[in-house]
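Asks: sequence first, then the predicted structure, then my questions.
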Amino acid sequence: MERLNFKKIIVTIFCLTVLLHAQNEVCFEIEENPNAGDPAFQCFSKYINVLDCFEVYAQQNISDEKVLHVAAVAAELLDNDEDGVVDDEALFNELQFQQALMPVFTYDGNSCMDEFEDHYNGDGVSAVLFRNEIDPAQPGHWGDDATVKRFYTQSIMLVMYQFIQIYLIFPQTLQSCLMLWI
């Protein structure tokens, strides 16, 4: 019944922290928003699909360099060996199932963010990025680039959300699992 190997996913996510100072090579192209007709996404004009399991949506006034940086960081953390395939199949499946995405807004509380919050009904967002939190010249540098931090938050929260759903239905399994973590 359990869809995920949570221990493996959590270990994979935390082991990838060595990539904080990794090369940030961008191999993506920005596309037009494929969901521009959806009220939640209509204010985003930039879109990148990362490895078929993670999407980046950005407002028009976010520089292409920053949007590409967000996608590149996500790709590096998901595909450490850079073979074009997500390294952890369980994580890939969960991100795909949850329709994981990272919205990039110009600033907190702008009209686009309000529209997104009012109309988004999915489970794939647990973190957002703002324009001033992204610095492609300093990937992962504390205080300058929050992209890595936000991606980890996104991935961990989506996995934990599924974890809670599964184990609240089967509390004895949750108790056994928690005993392993203690």
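Replies: Received it, and whenever you're ready, just let me know what you need.

Asks: residue 54 reaches residue 95, doesn't it?
Replies: Yes - Residue 54 is within contact range of residue 95, at 5.5 Å (criterion: Cβ atoms under 8 Å). (Each C-beta comes from the backbone N, C-alpha and C, glycine too.)

Asks: any common contacting residues for those two?
Replies: Both residue 54 and residue 95 are contacted by residue 78, under the criterion Cβ atoms under 8 Å, 6 or more residues apart in numbering.

Asks: pull the number of nearby residues for the nearest residue to residue 122 once chain neighbours are set aside.
Replies: Distances taken as Cβ to Cβ, 6 or more residues apart in numbering place residue 99 nearest to residue 122, at 5.5 Å, with adjacent residues excluded. Number of residues near residue 99 (other Cβ atoms under 10 Å) recorded here: 14.

Asks: OK, contacts around residue 99?
Replies: Counted by Cβ under 8 Å, 6+ apart, residue 99 has contacts 55, 122, 123, 124.

Asks: how close does residue 115 get to residue 56?
Replies: Distance, residue 115 to residue 56, by Cβ to Cβ, to the nearest Å: 18 Å.

Asks: perfect, that will be all.
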